[in-house]
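In: Provide a 3D model corresponding to the input given below.
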Amino acid sequence: MVKDTIICIDDLERKSDNLDIKDIMGLINHLKTEKNCKVVVILHQDKTDNQFQEYKEKVFDEIVHLTENFSIIKTIIDDDEMIDTYKEFYQKLAVKNIRFYERVKRDYQEIIESVDDLSLSSKDSILRNLLIVRLADLIKPEIPCENKDNNFVFDLKYLLNFEPYNISDDSLVDTINSLEYFFKNFIDFGDLSDWIKVITENIFNYNIDDKFIKELIEQDKISEERIQTIKHHKSLVSKLHNLDTDANFTQDFYDSSVKVIKYEHFNNLSFYYKVIALYNQTLAKSFKEQVEDHIIKTFEDSKEKLDLDNFYPFKVAEDDVF
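Out: Sure thing, here's the model as predicted:
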C-alpha cells in the first residue's frame, strides 16, 4: 500500500456510478490520516452531488477555487502575438477548459514552426480554424436551432460532412443560421468548409509538416491579400448597416465588392449590386457585368458539375439578381 506519497485524483465528478462518493472520501481520508499521503483532488464543484458537498469540509484541509478567469489561460498560452484571438474565442464561446487551450497551443505551434514568414493575418486565420476544429473534437457543444427538432451536436463527424453552400431545405438553413448565431462571427463558415479536411487529416494523423501549409496556401486560405480584402469589405458592410457612410462610400464599396466577387456566394453579390445601384447606376452595371463574367469563367473552369446550390447557400430569392 502507498505511504508518504503525493496522490492526485482528477475529474472526480466523472466517477463511475458504481462508485459511492462516501467510499471515495473514506479512502482519501484514510490515505491522509493513516498513510501520511498528500491527496490533491481536482474537480468541477458544480457537477458534484450533494454527498460530496456534505463530506468535503470534513475530509479536505484546504479548498482552492479556480475562478473562470482568462488570466489563467493567458499565462498558459504565453503568446502576446495571438492572445487577442484566444481571448475573443474565450469570450464568445465561453470555453473555460484549460487542457483545451493547451492542446490548441501545441497544434498551433507545430504548424507555425513548420513554415517561415507567415503574416499575422495568416496566423490568425490558422488559429481560428484550429480552435473550431478542436472545439468539435474535445468539447462537442450542442447547437440549439430555432426548430428544436433540428438541434445537433457540433462534433468532428458534423464538421467532416459540413457543406454550407449545398443547402436544399429549410432545416439546413436553420442549422447554418444557428451556427452563425452560436459562434457570434468568430469565424466565417464559408471559409471553414475548405479548411476542415486539410486540418483534420493532418492534425489527427499527426502529420503536420510543410505539405500541410502548402495545401493551405494553394487553396488561398492564408493569403494576406485575401484576408485583408475580406476584412476591409466587412468593415464597409458594417458602416453601411450603421449608416456611417461618407461621400466616397459608393466608390469604395464598389471597388471592394469587385475584389470579393470570387470569394462571395451569389446571395451577397446580389445585395452588393442593389446597394451600388441605389447610388450609381453606371457602377452597378459594371459590377453586374463583372459578376456575370465570373460566373461564366467558373463554369468553364470547373471540372465538376455545378448547380445553383453551389452558389446560393440560402436558396435563390425572388429578388436575387444573378
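In: contact partners of the helix or strand harbouring residue 27?
Out: Using DSSP states H and E, residue 27 sits within helix 21-33. If you take C-beta atoms under 8 Å, 6 or more residues apart in numbering as the criterion, helix 21-33 is touched by 2, 7, 9, 12, 15, 37-39, 41, 48-49, 51-52, 55-56, 58-59, 61. C-beta: built from backbone N, CA, C; applies to glycine.
In: again, but for stretch 76-96
Out: Under C-beta under 8 Å, 6+ apart, the answer for stretch 76-96 is 68, 70, 73-74, 98, 101-102, 105, 108, 120, 123-124, 127-128, 131, 135, 139, 141, 183-186.
In: ChimeraX command for the buried members of the contacts of helix 21-33?
Out: To isolate the buried ones among the contacts of helix 21-33 in ChimeraX, judged by 16 or more other C-beta atoms under 10 Å, type:
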select :12,15,37,39,41,52,55,56,59
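In: What about the contacts of helix 21-33, which are in strands?
Out: Assigned to strands by DSSP state E, the following of the contacts of helix 21-33 qualify: 7, 9, 38-39, 41.
In: Kindly reformat those residues as CSV containing pLDDT and distance to residue 246.
Out: Listed next are the ones in strands among the contacts of helix 21-33 as CSV, based on pLDDT from 0 to 100; distance: C-beta to C-beta, whole Å:
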residue, pLDDT, distance to residue 246
7, 92, 67
9, 89, 62
38, 93, 66
39, 91, 66
41, 87, 61
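In: With distance to residue 177 as added columns, please give those residues in JSON lines.
Out: Formatted as JSON lines, the ones in strands among the contacts of helix 21-33 follow (distance: C-beta to C-beta, whole Å):
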{"residue": "7", "distance to residue 177": "49"}
{"residue": "9", "distance to residue 177": "43"}
{"residue": "38", "distance to residue 177": "52"}
{"residue": "39", "distance to residue 177": "49"}
{"residue": "41", "distance to residue 177": "43"}
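In: If we go by neighbour counts, what in stretch 239-247 is buried?
Out: So for stretch 239-247, nothing qualifies as buried (16+ other C-beta under 10 Å).
In: Same check on stretch 272-286?
Out: Neighbour counts over stretch 272-286 (16+ other C-beta under 10 Å) mark 272-273, 275-277, 283-284 as buried.
In: Same question for stretch 142-151.
Out: Buried positions in stretch 142-151, judged by neighbour count with 16+ other C-beta under 10 Å: 143, 145, 150.
In: Let me have those in TSV, adding secondary structure and pLDDT as columns.
Out: Formatted as TSV, the buried residues of stretch 142-151 follow (DSSP: H, G, I helix; E, B strand; the rest coil; pLDDT from 0 to 100):
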residue	secondary structure	pLDDT
143	strand	93
145	coil	89
150	helix	85
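In: export these to TSV and tack on distance to residue 199?
Out: Output for the buried residues of stretch 142-151, formatted as TSV (distance: C-beta to C-beta, whole Å):
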residue	distance to residue 199
143	20
145	25
150	26
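In: Which positions within stretch 224-235 qualify as buried?
Out: 226-227, 229-230, 233.
In: What's the mean pLDDT across the helix or strand that residue 109 is a member of?
Out: Following DSSP H and E, the helix or strand that holds residue 109 is helix 98-112. Averaging pLDDT along helix 98-112 yields 90.
In: Which strands and helices lie in contact with the helix or strand that that helix is followed by?
Out: For helix 98-112, the following helix or strand on the C-terminal side (DSSP H and E) is helix 120-134. Packing partners of helix 120-134 (3 or more C-beta pairs under 8 Å, 6 or more residues apart in numbering; DSSP states H and E): helix 83-93, helix 98-112, helix 156-160, helix 189-203, helix 224-241.
In: Can you give me the pLDDT of residue 166?
Out: We have a pLDDT of 52 for residue 166.
In: what mean pLDDT would you report for stretch 126-135?
Out: Stretch 126-135 shows a mean pLDDT of 92 in the predicted model.
In: what residues go with each domain of the protein?
Out: Following the TED database, one finds the domains of the chain at 6-59, 69-208, 212-311.
In: Out of the ones you listed, the one nearest residue 319 is which?
Out: For residue 319, the closest of these is domain 212-311, at 7.4 Å, according to C-beta to C-beta.
In: So what's the gap between the closest one and the chain middle?
Out: In terms of C-alpha atoms, centre = their mean, to the nearest Å, the centre of domain 212-311 is found 23 Å from the chain centre.
In: ok, now stretch 80-90?
Out: Taking the mean of its C-alpha atoms, stretch 80-90 sits 13 Å from the chain's own mean (C-alpha atoms, centre = their mean).
In: Name the residues of it that come out as buried.
Out: Under the neighbour-count criterion of 16+ other C-beta under 10 Å, stretch 80-90 has 82, 85-86, 88-90 buried.
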